[in-house]
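Participant: Fold the stuff below for me.
(chains A, B and C)
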Amino acid sequence: MTLEDVVEALNLDVRAGASELDREVEGGYVSDLLSDVIAGAREGDLWVTLQLHQNIVAVAFLNNLAGIVIVGGREPDPDTLEKAEDQGVPIMVTAMPTYELAGKLYEMGIRRRADA
Amino acid sequence: MTTQEITKVQELIYTTRVETVMATNVVVVDPSMTMGEVKRLMQEKRISGAPVMRGDTMVGIVSMTDVLDVTEQGLLGDPVTRHMTREVKTILKDSSVLEAVSNLDRQGFARLPVVDQNGRLVGIVTTGTMIRALLREMDISFQKKEAEKLQSYRARHIFQDIVSDDTSVILRFVVAEKDFDNAGKAASAIKKSLQRLGVIPSIVRRVAVAVYEAEMNLVIHTDVGGVITVDVRSRRIKINAVDHGPGIEDVVKVLQPGYSTAPEWIRDMGFGAGMGLANIKRCADVMKLLSGPGSGTRLDIEFLLDNDGSGGRMDASKKT
Amino acid sequence: MTIREVIEVLSGQILVDNHELDNDVPMGGAADLMSDVLAFGTEGMVLMTGLTNPQTVRTAEMAGIEVVVFVRDKTPPPETIALARDLGITLIRTGYTMYEACGRLYNAGLPGRGLVKIENNSW
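Facilitator: As a prediction, this is how the structure comes out:
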């Protein structure tokens, strides 16, 4: 499933990296702790978080994550968006809380075989 | 306990079937296990005994007493089959609780495996599982709430019983800097006190959240700690958190959600995401923040107890 | 959904047992940032989190949350366990990631709290 499919199905708003939506989403990862994401997320994961801090872009970029979805109706700082656009890291936002977004992604079949 | 309640207990003991008071997730032991393994299993699952099962057949039962005996003798390497009790007294799932009670009581068994008509193990019953089930039946939680109400009765009536032009209860808490282990204790105590004083739960929750955030700020951002004072009156609660710490450079900026000066280790603990003051503001009816670099910080927040349309918020505070 | 079902769905393990397993939990939520839990946490919610320090339990207490699930097999320190016992909060541990844990519970029918705008632009 591509990022674009996910964006459409769940009605996410794209805030940065719109040209990168053809990326394949291979799994999901939920965390608000950067160190935890660095340790636990895998390449191709779509990262769900409440963090707005611009460091999220570097973490997603360095770990080759498919993109970042910021939940709870929050808006990332302009700095964060600029950096994301620069590095080609897609950032989406939604009013859904973490739990439901993760639930819906999982329901759509975004799950790794090893996890299931 | 009133006569009526005793009757209720008696009735339950006669009429309730073992099936409804047993634990169904029975931890069982395999005959191949050693006593040492049984010991670990019991500690891990926090149980004091378990049936020994070869496939679907119960071949014995082993208890913590057995484990203690072999521990003393240094025989933890022995197979469980050498020390288990082989003659197991069981009880049918359709039996009455009365029967279970008398078996446990008179025969000195601490637990009885429960079986169905075909002799298959379906659960286990101990005095503990029975008491819990019976208490549940009696809706003990309801009574607990009643008891709590009674306890807080006196506190709640302070605003009626003590006559003055304006009575206030003042609670003061000293918060130590960088003491993460105790952070939140003041908020916890304030929450309990307000419950005692009869403040309605929705307001107690708002106060608790706001005070907790304020307390975390003192812990995280000061190097000298601070003091939280709560002033409870019949119609409003005023709280201030004062410290003589480094103060705030930019009071406007610090109020922006997401703005944070917290170090990384604080963030790794799930704090310092720059939402604290926003949370306080959201919870409180009035908030004021005074600070300057080098001059400490004072946070004043206020909660109105009777402005949300549902009448006086201190249950016993209404004047007649 | 009952606490028992939550444990089953997550292949979880009870660390501190303060509730009847047949008690109902109305909804689920997930976060690592405690301020967020304070902002969106609601009474009775099952909170999934990757943080195991005692403040997680304190935060749950303030937000009225009674059941906390630690994800990724994280074992809390003894202080966390002791505080949870004191405050009547049930602790569960699961080997799943936060994503998997949310996915499984949501799929099994435990709802979330619905769309929320965490009001961060109100000033």
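Participant: Would you map the strands across chain C?
Facilitator: Along chain C, the stretches classed as strands by DSSP state E are C:13-16, C:28-30, C:46-49, C:67-70, C:90-93.
Participant: The third one: partners in the sheet, and parallel or antiparallel?
Facilitator: Okay, so that is strand C:46-49. The strands that strand C:46-49 pairs with in its sheet are strand C:28-30 (parallel), strand C:67-70 (parallel) (by DSSP bridges).
Participant: thinking again about what came up before, ranking the strands of chain C by burial, who's on top?
Facilitator: Mean neighbour counts were taken over the strands of chain C using mean count of other Cβ atoms under 10 Å in any protein chain shown, and the top value, a mean of 28, falls to strand C:28-30. Just so you know, the C-beta spots here come from the backbone N, C-alpha and C atoms, and that holds for glycine as well.
Participant: In chain C, which residue is most central in space?
Facilitator: Nearest to the mean C-alpha position of chain C, by Cα atoms, centre = their mean, lies C:Leu47 at 2.0 Å.
Participant: distance of that residue from B:Leu277?
Facilitator: Counting by Cβ to Cβ, to the nearest Å, the gap between C:Leu47 and B:Leu277 amounts to 23 Å.
Participant: got TSV for the strands paired with strand C:46-49, with mean pLDDT too?
Facilitator: Rendered in TSV, the data for the strands paired with strand C:46-49 read as follows (pLDDT from 0 to 100):
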stretch	mean pLDDT
strand C:28-30	96
strand C:67-70	97
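Participant: what's the closest of the ones you listed to B:Gln43?
Facilitator: Proximity to B:Gln43, assessed across the strands paired with strand C:46-49 by Cβ to Cβ, is greatest for strand C:67-70 (20.1 Å).
Participant: Tell me the bridge partners for the residue nearest to the centre of chain C.
Facilitator: C:Gly29, C:Val68.
Participant: sorry, back to before: same list, the strands paired with strand C:46-49, but as CSV with distance to A:Val30 please.
Facilitator: What follows is those, written out as CSV (distance: least, Cβ to Cβ, whole Å):
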stretch, distance to A:Val30
strand C:28-30, 6
strand C:67-70, 13
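Participant: tell me, how many neighbours does C:Ile89 end up with?
Facilitator: As a burial measure, C:Ile89 scores 22 neighbours (other Cβ atoms under 10 Å in any protein chain shown).
Participant: if you look at the worst-scoring helix or strand of chain A on mean pLDDT, does any of it touch chain C?
Facilitator: Among the secondary structure pieces of chain A, namely its helices and strands, helix A:34-40 has the lowest mean (mean pLDDT, DSSP states H and E), a mean of 88. Yes - Helix A:34-40 comes into contact with chain C (Cβ under 8 Å from any Cβ of the partner chain), by way of A:Asp36, A:Gly40.
Participant: Check which element follows that helix along the chain.
Facilitator: From helix A:34-40 onward toward the C-terminus, using DSSP states H and E, the following helix or strand is strand A:45-49.
Participant: any idea how far that next one is from the chain center?
Facilitator: Averaged C-alpha coordinates place strand A:45-49 at 4 Å from its chain's average position (Cα atoms, centre = their mean, to the nearest Å).
Participant: Between strand A:45-49 and the helix or strand that comes right after it, find me the angle.
Facilitator: Under the assignment DSSP H and E, the closest C-terminal helix or strand after strand A:45-49 is helix A:55-62. On the basis of axes from the mean of the first three to the mean of the last three Cα atoms, to 10 degrees, helix A:55-62 is oriented at 170 degrees to strand A:45-49.
Participant: what does helix A:55-62 rub up against?
Facilitator: Outside of helix A:55-62, the residues within contact range by Cβ atoms under 8 Å, 6 or more residues apart in numbering or on different chains are A:34, A:37-38, A:47, A:49, A:65, A:67-68, A:76, A:80, A:83-84, A:87-89, A:91.
Participant: out of those, who's near chain B?
Facilitator: The overlap between these and the neighbourhood of chain B (criterion: Cβ under 8 Å from any Cβ) consists of A:Leu34.
Participant: Buried ones among the contacts of helix A:55-62?
Facilitator: In the contacts of helix A:55-62, burial by neighbour count holds for A:34, A:37, A:47, A:49, A:65, A:67-68, A:76, A:80, A:83-84, A:89, A:91, counting by 16 or more other Cβ atoms under 10 Å in any protein chain shown.
Participant: Just put these in JSON lines and tack on distance to C:Leu110.
Facilitator: Formatted as JSON lines, the entries for the buried ones among the contacts of helix A:55-62 read as follows, by distance: Cβ to Cβ, whole Å:
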{"residue": "A:Leu34", "distance to C:Leu110": "28"}
{"residue": "A:Val37", "distance to C:Leu110": "24"}
{"residue": "A:Trp47", "distance to C:Leu110": "22"}
{"residue": "A:Thr49", "distance to C:Leu110": "21"}
{"residue": "A:Leu65", "distance to C:Leu110": "27"}
{"residue": "A:Gly67", "distance to C:Leu110": "26"}
{"residue": "A:Ile68", "distance to C:Leu110": "25"}
{"residue": "A:Pro76", "distance to C:Leu110": "29"}
{"residue": "A:Thr80", "distance to C:Leu110": "32"}
{"residue": "A:Lys83", "distance to C:Leu110": "36"}
{"residue": "A:Ala84", "distance to C:Leu110": "32"}
{"residue": "A:Val89", "distance to C:Leu110": "31"}
{"residue": "A:Ile91", "distance to C:Leu110": "28"}
